[in-house]
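*Asks:* got a predicted structure here, sequence first:
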Amino acid sequence: MTGFQSTTPGALDTVRATLAKLRSVPELADRYADIVALDSLEDLVHAPVMVKDDLNVALEHLKPKAHQGATWTFQSGGSTGSPKLGYAPTGLYMDEVYAQWKPLGPDDVFVNGWGAGKLWGAHYLFGAYADLTGCTGIGLGAINRAEYDVWLEFFAARGVTALGGTPSVLRPILGHARETGVKLPDLRTVLWLGEAWNPGLDEDIPAVAPNARRWGLYGSTETWVAGTNTPDCPADTWHLLPSQLVHVGENQLLDFTSLKPHGLNPVLRYRTGDAGEWVTCTCGEPGRALRILGRRDGEVKFRGLLLNVDAMLGAVSGQPGVSRAQILITEYPTRGATLEVLVVPARDAAPGLAERVREHILQSAFGGPSTSFHRDPESLGVRLVEDLISNDRTGKTSGLVQRQAQ
Ligand SMILES: [Zn+2]
């Protein structure tokens, strides 16, 4: 057993067509030269794994077009330089999601809080989903802190029943509502996608909207929506869509193959960087579910030494008075890199928080970097901030930000 099975009709034909497309890309032809035919899905075990750069090269050559309607382009990776484009047809493949996942219905008043524009797909994806449900939609997009009060008042007055966004956008809004005593008794549904669930929301939501529960989508711009979950599933566990063939490979790294008959991105054993394992979901739905274990690229080099970002953030976040934290590494041309821990203090934080966090980091063993902090105390800083650094385009907040000094 190779782990490549699917009961989706036409799966083998779809995969063969994708392979033919990839072989037609001059820069990739050599990679696929050895796979002459696919007799079954099991033969995918012989196909090479793709990463983002391979997909970008393929899309640059193929420039896919939808069979009907418009072809939409979204940003697919490429953190620097000109945007790399991924493609999706009108409707953004949401029919399949709606068939499996129904948090919204015609009576819902849904606020779409994903940032709009700038090639980020989530806002439009949820617009396409809302079309299928017959709900009443409110296109909110990105809002800033100064606007929270007026919008929360609007949500309460309109009887908003559903609110969606990335967890790092939802957390400050609902956290603010909790701190200021706003209640949203009509809110039943919190929709999320774009990053892992933020457990802080499990404290904010019951205080603000006791009837609300979370419903998530999992995927990436390249694979599009891969799985869905419900309030009865753990936040890291997903039920895959029929058009997603997922394989757990070495080091538990996942690769995705698209079984969409008219899919535009040639996704064939595409590795996103996420690791995962098969589980039985506690919601009771039969069959296997995919539990996401996080990224396997969570280690970065700091002054030549390996630093585990998640471990350090976990240790800092567990300190009393810390609401949220982020690591900022700045590379200087002459003096080497510095590491700053940005900390958003909780409202009840006692004075001297930055000094306590710094002391805690120095006393904890974080592998190599600890030596560096002791050798050069100025290489470590702890700074209290009002907000973490987030991506203006997507509203996502990453645990690690790396910068070059100007
Ligand atoms: Zn489940």
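*Replies:* The structure has been received and is ready for your questions. Numbers count the residues shown, from 1 in each chain.
*Asks:* just give the nearest non-adjacent residue to the residue of the stretch 51-200 of the chain at minimum distance from the ion, would you?
*Replies:* At 10.9 Å from the ion, Trp101 is the closest residue in the stretch 51-200 of the chain, using CB to the ion. Placement of C-beta: from N, CA and C, glycine included. Spatial nearest neighbour of Trp101, chain neighbours left out: Thr228 (3.9 Å); criterion: CB to CB, 6 or more residues apart in numbering.
*Asks:* count the residues that sit near whichever residue of the stretch 101-250 of the chain sits closest to the ion.
*Replies:* Proximity of the stretch 101-250 of the chain to the ion (CB to the ion) peaks at Cys233, 3.1 Å away. The number of residues packed near Cys233 is 22, by other CB atoms under 10 Å.
*Asks:* this protein against the ion: which residues are in contact?
*Replies:* Within the chain, the positions lying close to the ion (CB under 5 Å from the ion) are Cys233, Cys281, Cys283.
*Asks:* which residues sit in contact with the residue of the stretch 51-200 of the chain closest to the ion?
*Replies:* Residues in contact with Trp101 (CB atoms under 8 Å, 6 or more residues apart in numbering) are Trp215, Leu217, Thr228, Thr230.
*Asks:* which SS class is the first one?
*Replies:* At Trp215, secondary structure determined by DSSP: H, G, I helix; E, B strand; the rest coil is strand.
*Asks:* OK, contacts around it?
*Replies:* Trp101, Pro103, Thr189, Val190, Leu191, Trp192, Thr228, Asn229, Thr230, Pro231.
*Asks:* same check, this time on the last one
*Replies:* Under the criterion of CB under 8 Å, 6+ apart, the contact list for Thr230 reads Trp101, Pro103, Trp215, Cys283.
*Asks:* which parts of the stretch 101-250 of the chain are helices?
*Replies:* 122-133, 148-158, 167-180, 201-208 (DSSP state H, counting those that start in this stretch).
*Asks:* just the buried positions in the second one, please.
*Replies:* With burial defined by 16 or more other CB atoms under 10 Å, the residues of helix 148-158 counted as buried are Tyr148, Trp151, Leu152, Phe155, Ala156.
*Asks:* so can I have CSV of those residues showing pLDDT?
*Replies:* Formatted as CSV, those follow (pLDDT from 0 to 100):
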residue, pLDDT
Tyr148, 97
Trp151, 98
Leu152, 98
Phe155, 98
Ala156, 98
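*Asks:* re earlier: got CSV for the helices of the stretch 101-250 of the chain, with distance to Asp39 too?
*Replies:* Below are the helices of the stretch 101-250 of the chain laid out as CSV (distance: least, CB to CB, whole Å):
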stretch, distance to Asp39
helix 122-133, 35
helix 148-158, 55
helix 167-180, 43
helix 201-208, 47
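*Asks:* and Trp238, which of the ones you listed is closest to it?
*Replies:* helix 167-180 (15.3 Å; CB to CB).
*Asks:* what is the orientation angle of that closest one with helix 201-208?
*Replies:* 40 degrees (axes from the mean of the first three to the mean of the last three CA atoms, to 10 degrees).
*Asks:* residues in contact with the residue lying closest to Asn308 once chain neighbours are set aside?
*Replies:* Leaving aside its sequence neighbours, Asn308 sits nearest to Glu299 (CB to CB, 6+ apart; 5.4 Å). Counting by CB under 8 Å, 6+ apart, Glu299 touches Leu306, Leu307, Asn308, Val309.
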